[in-house]
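Enquirer: sequence first, then the predicted structure, then my questions.
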Amino acid sequence: MARRYTQPDVMKRRSDDLDTQELTLNVGPQHPSTHGVLRLVAVTDGEIIKSLEPHIGFLHRGMEKNSEGREYRQLIPLWDRNDYLASMHMDYMVTSAVEALMDVEVPRRAEYIRVIMLELQRIASHLFWFASFALDSGAVTPLFYGLKEREKIIDLFEMASGARLLYNYIRPGGVRADITPEFMEKLSKFIREFPRYLDECEQLYTGNAIFINRARDVGVLTREAAINLGVSGPVLRGSGVAWDLRKDEPYSVYPELKFDIPVGERGDVLDRYEVRFYEMRMATEIVRQAMEGLPEGDFVAKVAVSPKTKAGEVYVRQEAARGEFGCYLVSDGGRKPWRFHVRPGSYLNLGALDAMCRGYLFADLIIILGSIDIVLGDVDK
Amino acid sequence: MIIDSATIWEACRSLLMGWGLGYPAAQVIMLLVAFLVVALFAIVLVLALVLIERRLIGWIQLRPGPNRVGGRTGWLQTVADALKLLYKEDIVPLNADRPTYFAAPYAVFMPVLLMLVVLPFGVAIINGTYRFYVVSDLNIALLFILAMGSVELIGVIMAGWGSGNKYSLIGAMRAVAQLISYEVPLVLALVSVALFAGSLSLVDIVQRQSSTWAIFPLFPAFVIFFITAVAETNRCPFDLLEAESEVVAGFHTEYSGMRFALFFLAEYLAMWVMSALIVLCFFGGWKGPMFLGEGGLWFTSMFWFMAKSFFFVWCFIWFRGTFPRIRVDQLMVFSWKVLLPVAVVQVMIVGWGITYRNPWFSANLIPKATAVEAYGGLIGGFDYMTTPEALTHLTTPELVAFGWSVLGAIVVILLLGAMFYRTIRGFRPSRDFQREIELKIMRLEDAKGSE
Amino acid sequence: MNHVLDQKDFSGLFSENLKFDYEYDPASQILRLDAEHLPELFALLAMDERLAMDYLRDLTAKEQPEGEFHVVYNWVSIEHHHTLMVVAKVPESMEVLSATQYWESANWMEREVWDMFGIRFAGHPDLRRIYLEETVSFFPLRKSFRTLPVENVRDLGGSERELAKARAKAAKAEKEPAGDK
């Protein structure tokens, strides 16, 4: 067992020789800060967590089974509902899997539009995370600050796709509709103003000594543990692994854009927090570059309304807001998939919660759960 | 000139007795009147406080707040809420410990209501006598308030235990730990005030702050008291026992309807009582520029008292709008390792000051402001504030005390200014990080360019 | 610091270490084998310094049209930046060695595969269903598990009406003998 990870033994540090009675605490499924219908069974000693077991599946909708009976064009709005806070990423996931089994040349303009949308979606998702994370830690005001700015992005998406939450925008061959000059105008205004707004958010919340005391050295996930537990996205990078699929397994036009990825040092809640904030700034930068480099041309290739794929199997992955989204598609050469499997980012991140929480306090559990940013629709599929 | 002083209660009673009533009858009537006045005041105050809090928090949080019921200001919203709570179903959990469960809201609410009895609201001059607006000028008022605060804790434990809910129990356990550990520095901070004023009566404490407000000599005690007052009232950032993201709503998770409303009333009333206590102990109570003269003393004194106490209520709401919640162990560490030693040192310093007759720490040693009286300060209403004219007539100890006060004021203003500057300067690590990287890239490019 | 994937050809390495039948395609990096040989493969992937597959990114299963099951693994080496996909044919006993002894991330993913396909994992620390109730007797992602097709929303109403009719009939039938008495 050479590759077993090592976690610091926090329990040893905290507990003493007192023989106390254990309390089994049932957090959820109805609880204000489980971000949906998640049930956590925590065995606590006083307020110290001895072990924790997440029970999931309350929102299981049988998405994978549902996908098997549907055409590819129907899969996109279906999987929109998977991670409803990052629908664009879901669109792109299905699209890229289908495109990998098709002979289609995606126009460069479409790729650029996709990158703009994906990065805007990343910002929107991280803003929502900021709002709910701050709420978990007991501060209510950041909720409104985060949602206010997310609203602007949603307005942009509405201009482009007509929908505000589930976009159904990216589709095989390109995107569903071209973006308009009004959209570009509004987008450039947003990009100009957004960094200042992030400053405001950090001023409101990040510098607060109470927050830093609560977040530093809490929920530590070491580098080895993070890799072994298969976490991804900001949680993995917060633990000090420089692994971002946009850099490491580039897709779309990301190789043409200049950006860097933030990496944490301690692997605690504060690191994950800062990684996400830095990603928002970087995403703004990517959108700016993509706007400048946006070529003229078609926004969609000539693809049948209900596309057919070659027979074969493929595993595609992308760096979504909540971690790595993998998609395993097996096709028998028809209009419907034979097997459609999705590796959701939140699912494995939630699996690492037990390792992160042991030995910390009950109050820490909430803030750690907030810091890994789960969406229960995504966890439960 | 004016020596005699008593409470408005006694004045009214003697008025009743003047009409031919016996002492017991007058006493009973006054008790009823006092109860009505205090209860009405409490309810109206809480309704107003809730509305103020919601509007203020809405303003902080970029949203309008209540603005439908009762016009644009939404002034009827809290009334509507209160009516709604009255009509709601009273749900009792199956595994509740029923007697405890039913008694708990009253055990929480009554002590807070009783605290109002000893708070002096202002002063009036009736028939050439000072009459203080206070139901009962207890000579152990401070002790009484502390005792009532502790009784409230019992109600919280009863609610947590009686609900038969683990979250409530955890909330109640947190309440016990938090309130007990915060009571110690709170009491020590008030001990230094009592030493300074030489009395436990709140009226006396206010009267002894004629020449200088106690905040200036006792600034550390004020800071400690302010923090512990926030903790005592379970307000953010110390709202651990009712943290909705952790223990749902703590000890009142299972309560609904009017029982819940009683907890609500108690919380907001306690918030105001604590603000009032801060004002009485450190900010000279009702003292301030008496701009209406002797005749309007009853109004101006109440005005200053309410204005000051609402300033601190505003601070409480401001905290709630901006702070995250502190963690339970950090709370304990903060109380026992930081607040308690500072409070002990503060008490020792005040004790030293009294022993060595330092006017800085002992209001007793400053003679009643004869100079001010002689210059007709009372007629102009300036008995309550030092004028430049009166300054020239101060005795040496008074001057020393005044000098210390000015120095203390400067220190306080500098500290607050530094805090304010720190707040507006902000802290943005990810931007700083980005700038660092940008600088690094620039330097790298420069190095490449020079090659 | 743009380090794109660095895919290598592992044919030599595999032929040297794996003493059983397998198919390996270096172009698509897919390795196909029988699930009985997974213990040797796991040891090789986890322990060999040249492979160093430290990150198990995905584990799932699929059913072939002929009715046989495959377990599909996807590995990444964060150290060396290469990937590998392994498709293992599940034997008749429907039992496969668990990967949890090397990769903790397999824990939940194997539970999901057990839940959805009914493939057991030997050596798994806690093999319970993860999404569905423990009392459920079917494995929904098997092709033999069929979902009811709903072609028209009105069909739902129709079937409900039929159900109601049937219930009414049954109730009537129950009442009638009572009337006879």
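Expert: Received it, and whenever you're ready, just let me know what you need.
Enquirer: residue contacts, residue 116?
Expert: Using chain A here. The neighbourhood of residue A:116, defined by Cβ atoms under 8 Å, 6 or more residues apart in numbering or on different chains, consists of A:179, A:187, A:287, A:290, A:291, A:294. Where C-beta positions appear, they are placed from N, C-alpha and C, glycine not excepted.
Enquirer: could you do chain C instead?
Expert: Contacts of residue C:116 were listed using Cβ under 8 Å, 6+ apart, and they are A:64, C:61, C:131, C:139, C:140, C:141.
Enquirer: how about stretch B:75-90 as PDB, C-alpha atoms only?
Expert: Provided in PDB are the C-alpha atoms of stretch B:75-90 (Å, rounded to 0.1, in the frame of the first residue of the first chain):
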ATOM      1  CA  TRP B  75     -43.600  51.100   9.200                       C
ATOM      2  CA  LEU B  76     -46.500  48.700   9.600                       C
ATOM      3  CA  GLN B  77     -44.500  45.600   8.600                       C
ATOM      4  CA  THR B  78     -43.500  44.700  12.100                       C
ATOM      5  CA  VAL B  79     -47.000  45.200  13.400                       C
ATOM      6  CA  ALA B  80     -48.200  42.800  10.700                       C
ATOM      7  CA  ASP B  81     -45.500  40.400  11.600                       C
ATOM      8  CA  ALA B  82     -46.500  40.500  15.200                       C
ATOM      9  CA  LEU B  83     -50.100  39.900  14.400                       C
ATOM     10  CA  LYS B  84     -49.100  37.000  12.200                       C
ATOM     11  CA  LEU B  85     -47.100  35.500  15.000                       C
ATOM     12  CA  LEU B  86     -50.000  35.800  17.400                       C
ATOM     13  CA  TYR B  87     -52.300  33.900  15.000                       C
ATOM     14  CA  LYS B  88     -49.800  31.200  14.100                       C
ATOM     15  CA  GLU B  89     -50.300  27.600  15.300                       C
ATOM     16  CA  ASP B  90     -48.500  26.700  18.400                       C
END
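Enquirer: and the contacts of that stretch?
Expert: By Cβ under 8 Å, 6+ apart, the residues outside stretch B:75-90 that reach it are B:47-48, B:50-51, B:54, B:66, B:68-70, B:256-261, B:264.
Enquirer: what does stretch B:138-150 give?
Expert: Contacting residues not belonging to stretch B:138-150 are listed as B:111-112, B:114-115, B:117-118, B:179, B:183, B:186-187, B:190, B:193-194, B:199-203, B:205, B:232, B:273, B:277, B:281 [Cβ under 8 Å, 6+ apart].
Enquirer: skip the chain neighbours and tell me the closest residue to residue B:25.
Expert: Among residues not flanking residue B:25 along the chain, residue B:16 sits closest, at 7.9 Å (Cβ to Cβ, 6 or more residues apart in numbering or on different chains).
Enquirer: coming back round to it: can you redo the contacts of residue A:116 as CSV with pLDDT?
Expert: Listed next are these as CSV, based on pLDDT from 0 to 100:
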residue, pLDDT
A:179, 87
A:187, 90
A:287, 90
A:290, 89
A:291, 88
A:294, 87
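Enquirer: output the below-cut-off pLDDT ranges for the chain.
Expert: No chain specified, so I'll use chain A. Within chain A, the stretches with pLDDT under 70 are A:1-20.
Enquirer: that's the wrong chain, I wanted chain B
Expert: Along chain B, segments meeting pLDDT under 70 span B:1-5, B:210-212, B:243-245, B:291, B:293-294, B:355-402, B:404-405, B:422-438, B:440-441, B:449-451.
Enquirer: max-length helix in it?
Expert: The helix that spans the most residues within chain B, counting by DSSP state H, is helix B:23-60.
Enquirer: buried set for it?
Expert: Applying a neighbour-count criterion of 16 or more other Cβ atoms under 10 Å in any protein chain shown, the buried positions in helix B:23-60 are B:26, B:30, B:34, B:38, B:42, B:45-58, B:60.
Enquirer: same question for stretch C:131-147.
Expert: For stretch C:131-147, a neighbour-count test (16+ other Cβ under 10 Å) marks C:131, C:132, C:139, C:140, C:141, C:142 as buried.
Enquirer: for that stretch, which outside residues touch it?
Expert: A:56-57, A:60, A:62, A:64-66, A:69, A:380-381, C:61, C:63, C:67, C:112, C:115-118, C:128-129.
Enquirer: swap in 7 Å and give it another go.
Expert: The contact list for stretch C:131-147 (Cβ atoms under 7 Å, 6 or more residues apart in numbering or on different chains) reads A:56-57, A:60, A:62, A:64-65, A:69, A:380, C:63, C:112, C:115-118, C:128-129.
Enquirer: how far away is the residue nearest to residue B:25 from residue B:29?
Expert: 6 Å (Cβ to Cβ, to the nearest Å).
Enquirer: with residue A:98 instead?
Expert: 87 Å.
Enquirer: ditto for residue B:305
Expert: Counting by Cβ to Cβ, the separation of residue B:305 from residue B:29 is 26 Å.
Enquirer: what do you get for residue A:179?
Expert: The gap separating residue A:179 from residue B:29 is 79 Å, by Cβ to Cβ.
Enquirer: quick check on residue 82: phi, psi?
Expert: Just going to use chain A. phi -70, psi -70 (degrees, to the nearest 10).
Enquirer: rewinding a little: which two in the contacts of stretch B:75-90 are spaced the farthest apart?
Expert: B:68 and B:259 (27.0 Å; Cβ to Cβ).
Enquirer: neighbour-wise, which of the two wins?
Expert: residue B:259 (24 against 11; other Cβ atoms under 10 Å in any protein chain shown).
Enquirer: and the closest residue to the more buried one other than its chain neighbours, how many neighbours?
Expert: Using Cβ to Cβ, 6+ apart and skipping residues adjacent in sequence, the residue nearest residue B:259 is residue B:105, 4.6 Å away. Look at residue B:105: counted by other Cβ under 10 Å, it has 23 neighbours.
Enquirer: now swap in residue C:72 and tell me
Expert: Look at residue C:72: counted by other Cβ under 10 Å, it has 21 neighbours.
Enquirer: residue C:165 too?
Expert: For residue C:165, the neighbour count with other Cβ under 10 Å is 10.
Enquirer: what sits against residue A:347?
Expert: A:379, C:108.
Enquirer: for residue A:143, which non-adjacent residue is spatially closest?
Expert: That would be residue A:131: by Cβ to Cβ, 6+ apart, it lies 4.4 Å from residue A:143.
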